[in-house]
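A.B. asks: Provide a 3D model corresponding to the input given below.
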Amino acid sequence: MIVVVHAHPYPAHSRGVKALLGAIRDLPDLQVRSLYEMYPDFDIDAAAERKAMEEASAIVFLHPLYWYTVPALLKHWIDTVPIRGWAYGEGGAALRDKACLWAVTTGGDEQAYSAAGRHGHPMATFTPVMEQTAKFCGMEWQEPFIVHAAHQKSDAEMAAVASRFRDRLLEIAG
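C.D. replies: You can find the predicted model right below:
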C-alpha cells in the first residue's frame with residue numbers, strides 16, 4: 001500500500017496539489033491522509049498515523065513548499081509520529097526499507113530556484129531536511145517529484161504533470 005501524507009493548509013486554492021491528488025485517487029492500495037482535514041486543531045492521532053505508516057510499503061509526502069520547507073502541520077506530524085523506538089533508535093524499525101517520495105509544488109519556476117534566481121539557491125538546497133528525515137528512519141529515499149510554478153501551467157501541462165506523478169506512484173508500487 002502507498003500512503004500519501006498530504007499537507008496543504010488551503011487545498012481549495014491549490015491547483016497543483018489538487019491535480020496531483022486527482023490523478024492518483026483511484027489507484028488500488030492507496031490511502032490519502034489529508035492532515036489539514038483530519039487534524040484542523042493540530043491534535044494529531046499519532047497512534048493512528050503510525051498504524052497507517054506500518055501498513056504502507058511506500059510513503060509520499062505531498063505538499064507545497066512553504067518558506068523553503070514543509071507546512072506547519074506536516075512539521076508537527078514529523079515531530080509527533082516518527083518517534084524514537086518506533087521509527088529510529090533502538091527497536092525503531094517501523095519505517096525501515098519503505099520507499100519515501102517527496103512530492104512538492106512551488107510557486108516559483110525552475111529559474112527562481114537557481115543560484116541566479118529569486119531564491120538564490122537551486123531546489124536541491126531545500127531537499128536535505130526531508131531526505132535526511134527519511135534516511136534517519138531507514139527509508140529508501142526516492143528522487144523527489146517537484147512541480148514548479150503549478151499555478152502558471154496550462155490545463156494540458158498540469159494534466160501531463162499529474163499523469164507523470166501517477167506513473168511514479170505506479171512505479172514505486174511495483
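A.B. asks: So what's the residue count around Phe126?
C.D. replies: 20 (other CB atoms under 10 Å). Every residue, glycine included, has its C-beta placed from N, CA and C.
A.B. asks: Could you do Lys135 as well?
C.D. replies: 14.
A.B. asks: would it count as being in a helix?
C.D. replies: Yes: Lys135 forms part of a helix when assessed by DSSP: H, G, I helix; E, B strand; the rest coil.
A.B. asks: Which residue lies closest in space to it, excluding its sequence neighbours?
C.D. replies: Trp141 (5.8 Å; CB to CB, 6 or more residues apart in numbering).
A.B. asks: per-residue pLDDT, that neighbour?
C.D. replies: You'll see Trp141 listed with a pLDDT of 98.
A.B. asks: Need phi/psi at it.
C.D. replies: phi -70, psi 130 (degrees, to the nearest 10).
A.B. asks: beta partners of it?
C.D. replies: Cys100 (DSSP bridges).
A.B. asks: Am I right that it is in contact with Lys98?
C.D. replies: No: in this structure, Trp141 is not within contact of Lys98 by CB atoms under 8 Å, at 10.6 Å.
A.B. asks: higher neighbour count, those two?
C.D. replies: More neighbours surround Lys98 than the other of Trp141 and Lys98, with 19 against 16 (other CB under 10 Å).
A.B. asks: Tell me the spacing between that one and Phe165.
C.D. replies: 19 Å (CB to CB, to the nearest Å).
A.B. asks: do the same with Phe126
C.D. replies: 19 Å.
A.B. asks: cool, Ala72 as well?
C.D. replies: Ala72 is 24 Å from Phe165, by CB to CB.
A.B. asks: Check the offset of the host helix or strand of Ala160 from the chain's centre.
C.D. replies: Here Ala160, judged by DSSP states H and E, is contained in helix 155-173. Helix 155-173 has its C-alpha centroid displaced from the chain centroid by 14 Å (CA atoms, centre = their mean, to the nearest Å).
A.B. asks: Report all helices and strands that it contacts.
C.D. replies: strand 2-6, helix 15-24, strand 58-64, strand 99-105, strand 145-147 (3 or more CB pairs under 8 Å, 6 or more residues apart in numbering; DSSP states H and E).
A.B. asks: the inter-axis angle of it versus strand 58-64?
C.D. replies: Counting by axes from the mean of the first three to the mean of the last three CA atoms, to 10 degrees, helix 155-173 lies at 150 degrees to strand 58-64.
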